[in-house]
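Trainee: Kindly generate the corresponding structure for this input.
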Amino acid sequence: MADRSLVLVNTGDGKGKSSAAFGVMTRGWARGWTVGVIQFLKGGAWKTGEQKLAEQLGIDWHTLGDGFTWESDDLDRTAELGRLAFDKARDDLASGRYDLLILDEMTYLVSLGWVPVDEVVTAVRDRAPATNVVITGRDAPPALVELADTVTEMRKVKHAYDRGIEARKGIEY
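Mentor: Predicted coordinates for the structure are as follows:
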């Protein structure tokens with residue numbers, strides 16, 4: 001069963017969940033894989049270093065949210081965008097187009113009640129056979145943890161933000 005695709009989940013309250021996923025993204029691209037990324041919360045104003053790199057490499061990148069929930073002026077619209085992004089993810093998972101699909105910040109769709117956990121588990125479980133998946137975000141639901149082949153929990157020990165140091169280009173984004 002060595003050729004079976006894998007599901008990786010990066011969760012926890014520590015920094016590095018998305019960064020680790022984007023490391024896998026570059027590794028897959030370097031192996032000739034077709035790679036896609038869907039970001040569920042980050043909005044168009046967040047032009048990350050990873051996105052710039054992905055565009056240069058020809059990786060499909062979709063930032064489908066309107067920003068972080070605490071920045072939203074219309075949480076109903078933010079939730080609607082999250083559900084629409086999940087519809088795209090479900091289609092991409094089933095399509096067979098990708099060897100690797102990164103679903104960045106997807107756990108929030110479940111923890112915020114925007115998409116039922118069983119729909120997420122079904123979409124990931126029933127994905128195209130060759131599609132590897134990396135899912136990031138805090139509070140991964142137990143059913144998703146159970147489904148995953150590898151789960152890594154990032155634990156915050158200390159973070160510069162706690163001392164008032166804002167996010168920095170090249171470090172956080």
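Trainee: From now on I want contacts and neighbour counts done on CA atoms only, so please keep to that.
Mentor: Noted.
Trainee: contacting residues around the residue sitting nearest the centre point of the chain?
Mentor: By C-alpha atoms, centre = their mean, the mean C-alpha position of the chain lies nearest to residue 104, the distance being 1.3 Å. Residue 104 sits next to 18, 21, 37-40, 134-137 when contact means C-alpha atoms under 8 Å, 6 or more residues apart in numbering.
Trainee: What residues are bridge-paired with it?
Mentor: For residue 104, the beta-bridge partners under DSSP bridges are residue 39.
Trainee: Quick check, pLDDT for it.
Mentor: Residue 104 is assigned 96 on the pLDDT scale.
Trainee: Ok, residue 152 next?
Mentor: 98.
Trainee: which residues of this structure fall in helices?
Mentor: Along the chain, the segments classed as helices by DSSP state H run 17-30, 49-57, 75-95, 107-111, 117-125, 142-147.
Trainee: out of those helices, deepest packed?
Mentor: helix 107-111 (a mean of 20; mean count of other C-alpha atoms under 10 Å).
Trainee: any idea of the mean pLDDT in that helix?
Mentor: Rounded mean pLDDT across helix 107-111 is 95.
Trainee: Tell me how far that helix lies from the chain's centre.
Mentor: 11 Å (C-alpha atoms, centre = their mean, to the nearest Å).
Trainee: can you check stretch 16-26 too?
Mentor: Centre to centre, stretch against its chain (C-alpha atoms, centre = their mean), the figure for stretch 16-26 is 9 Å.
Trainee: Using PDB, write out every CA atom in it.
Mentor: Below are the C-alpha coordinates for stretch 16-26, written out as PDB (Å, rounded to 0.1, in the frame of the first residue of the first chain):
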ATOM      1  CA  GLY A  16       4.000  26.900  11.900                       C
ATOM      2  CA  LYS A  17       1.000  24.900  10.700                       C
ATOM      3  CA  SER A  18       0.700  26.600   7.300                       C
ATOM      4  CA  SER A  19       4.500  27.100   7.000                       C
ATOM      5  CA  ALA A  20       4.900  23.300   7.400                       C
ATOM      6  CA  ALA A  21       2.200  22.700   4.800                       C
ATOM      7  CA  PHE A  22       4.000  25.000   2.300                       C
ATOM      8  CA  GLY A  23       7.200  23.100   2.900                       C
ATOM      9  CA  VAL A  24       5.300  20.000   1.700                       C
ATOM     10  CA  MET A  25       4.000  22.100  -1.200                       C
ATOM     11  CA  THR A  26       7.500  22.900  -2.400                       C
END
